[in-house]
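Chemist: Need coordinates for the below:
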Amino acid sequence: MNILVVNSGSSSIKYQLFDMEEAERLLVKGIADRIGLEDSYLCSQGPDGAEDRREIPLADHRAALKAVCESLHSQGGGWAADHIRGVGHRVVHGGETFSRSVLIDEHVLAVLRQLAELAPLHNPPNIMGIEVCREMMPDVPNVAVFDTALHQTMPPKAYLYGLPLELYREYGIRKYGFHGTSHAYVAGEAARRLGRPLEDLKVITCHLGNGCSITAFSGGKSVDTSMGFTPLEGLVMGTRSGDLDPAVPLYLVKDLGMRAEEVDRLLNEESGLKGLCGQRDMRDIVERAQRGEEAANTAVEVFVYRIQKYIGAYTAALGGVDVIVFTAGIGQNSPYIRSKVLQPFRYLGIKVDDGRNGENQAIFSSPDSAVYTMTIPTNEELVIARDTYEIVTRAQIQPAAPPTHAERP
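Modeler: Presented below is the predicted three-dimensional model:
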């Protein structure tokens, strides 16, 4: 069964096509980029790694998705749109309404539109991709897979802020968490590689890329995560500030005369690593730090220290830790950062095998380490494909039941 995975952004559509009944084989992946601009293009890559890039007019998302379907058809292999049996969509924010992936119908779409105000930069283009797919492939079921769904298992003590409870009850102001598909995949994969049930492990997963977050798993469920009401909370990231005294934005507005829009842009696009040293790519920053550049070294230290604090906090919250997993661009590819992050945790019995760490091995802790440390490449698209395949093959091709809200305290 062929499942198409769609990640629709404001100016791009990323896609992957899987044959789920042939060992979850990836058939093709690609991107339709710079939609609505003069230099738009379509780039695809087959299983052999050969890349095909064509500059092509992509006036809107409808034109882009049509180009994607035509590209799939031209590449052969039975990948035409009429051979697609389900489409899985990444949806960033599901609020409290969705604690699992769901089949999309008109009711679900209406709820997604209501939730768009919680993620105004992400949900609207996600919804646009859904609408276009339903229009172009009306007989193919569509499934929404949410970044936030995994974290709906957090208890109130983890997701509530110290604000008047009415703000939560009336407006849904609480911690939601993100990167759920990534954390779910690497936690499950870590348990699989260790040959143990995830439910029996205390796991901390570190998704470290341009966006960064950490999640604590107990009993196979997310019990806390570093991102919050929005993806701005938590770790220092490529361009996001992470945790901040709430009085700072107020000071910027009241005392420095900045507009709310300017503060939003400052915290999301001009802060983090970029704000600390002028660059956001950790590879470049580490190279500069190792040459002795003070600003770059400071950026690395701040980045690492924030990760260490969250690992320490989650170890305390879990009552110990069995596995620490690193994933995403920095987490997976930077032995230097992993080594620096784990240095203070020798008191937990963590012992890093420098040789394995340098070779980017899956398990890079020493055999006598009290805690496993691992690197696992994330695969969010496969998680989306699996959820879509499961829902479609469960023969639930019927109007979805109205989603229910999580119980509120």
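Chemist: Could you name whichever residue is most remote from the centre of the protein?
Modeler: Here the chain reaches farthest from its C-alpha mean at residue 255, the gap being 35.4 Å by CA atoms, centre = their mean.
Chemist: now that one: how far from residue 331?
Modeler: Relative to residue 331, residue 255 is positioned 37 Å away (CB to CB, to the nearest Å). Just so you know, the C-beta spots here come from the backbone N, C-alpha and C atoms, and that holds for glycine as well.
Chemist: before we move on, what about residue 309?
Modeler: 16 Å.
Chemist: So between those two, which is more surrounded?
Modeler: residue 331 (27 against 14; other CB atoms under 10 Å).
Chemist: Assign the more buried one to helix, strand or coil.
Modeler: Counting by DSSP: H, G, I helix; E, B strand; the rest coil, the backbone at residue 331 sits in helix.
Chemist: try residue 234
Modeler: Per three-state DSSP, residue 234 ends up coil.
Chemist: buried ones in stretch 194-201?
Modeler: Buried positions in stretch 194-201, judged by neighbour count with 16 or more other CB atoms under 10 Å: 194, 198, 201.
Chemist: swap in stretch 287-303?
Modeler: Those would be 288-289, 296-297, 299-300, 302-303, for stretch 287-303 by 16+ other CB under 10 Å.
Chemist: now stretch 169-180
Modeler: For stretch 169-180, by 16+ other CB under 10 Å, it's 172-180.
Chemist: Restricted to helices, list these.
Modeler: residue 180 (DSSP state H).
Chemist: which phi and psi does residue 382 have?
Modeler: phi -70, psi -40 (degrees, to the nearest 10).
Chemist: And for the spatially closest residue to it that is not a sequence neighbour, the neighbour number?
Modeler: Once flanking residues are discounted, residue 382 sits nearest to residue 24: 6.4 Å by CB to CB, 6 or more residues apart in numbering. For residue 24, the neighbour count with other CB under 10 Å is 14.
Chemist: Tell me the confidence at residue 24?
Modeler: According to the prediction, residue 24 has pLDDT 90.
Chemist: quick one: the most centrally placed residue in the chain and residue 374, what's the gap?
Modeler: Compute the mean C-alpha point of the chain, and by CA atoms, centre = their mean the closest residue is residue 179, 2.8 Å away. Relative to residue 374, residue 179 is positioned 17 Å away (CB to CB).
Chemist: all helices for the stretch 301-409 of the chain, in order.
Modeler: Applying DSSP state H, counting those that start in this stretch to the stretch 301-409 of the chain gives helices spanning 328-333, 335-342, 354-358, 380-393.
Chemist: In a markdown table: those helices, plus mean pLDDT and distance to residue 49.
Modeler: Output for those, formatted as a markdown table (pLDDT from 0 to 100; distance: least, CB to CB, whole Å):
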| stretch | mean pLDDT | distance to residue 49 |
| --- | --- | --- |
| helix 328-333 | 93 | 19 |
| helix 335-342 | 96 | 25 |
| helix 354-358 | 91 | 26 |
| helix 380-393 | 93 | 17 |
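Chemist: what's around residue 281, how many residues?
Modeler: Other residues close to residue 281 by other CB under 10 Å number 14.
Chemist: In contact with the closest residue to it other than its chain neighbours: list those residues for me.
Modeler: Distances taken as CB to CB, 6+ apart place residue 238 nearest to residue 281, at 7.7 Å, with adjacent residues excluded. Residues counted as contacts of residue 238 (CB atoms under 8 Å, 6 or more residues apart in numbering) are 209-211, 272-274, 280-281.
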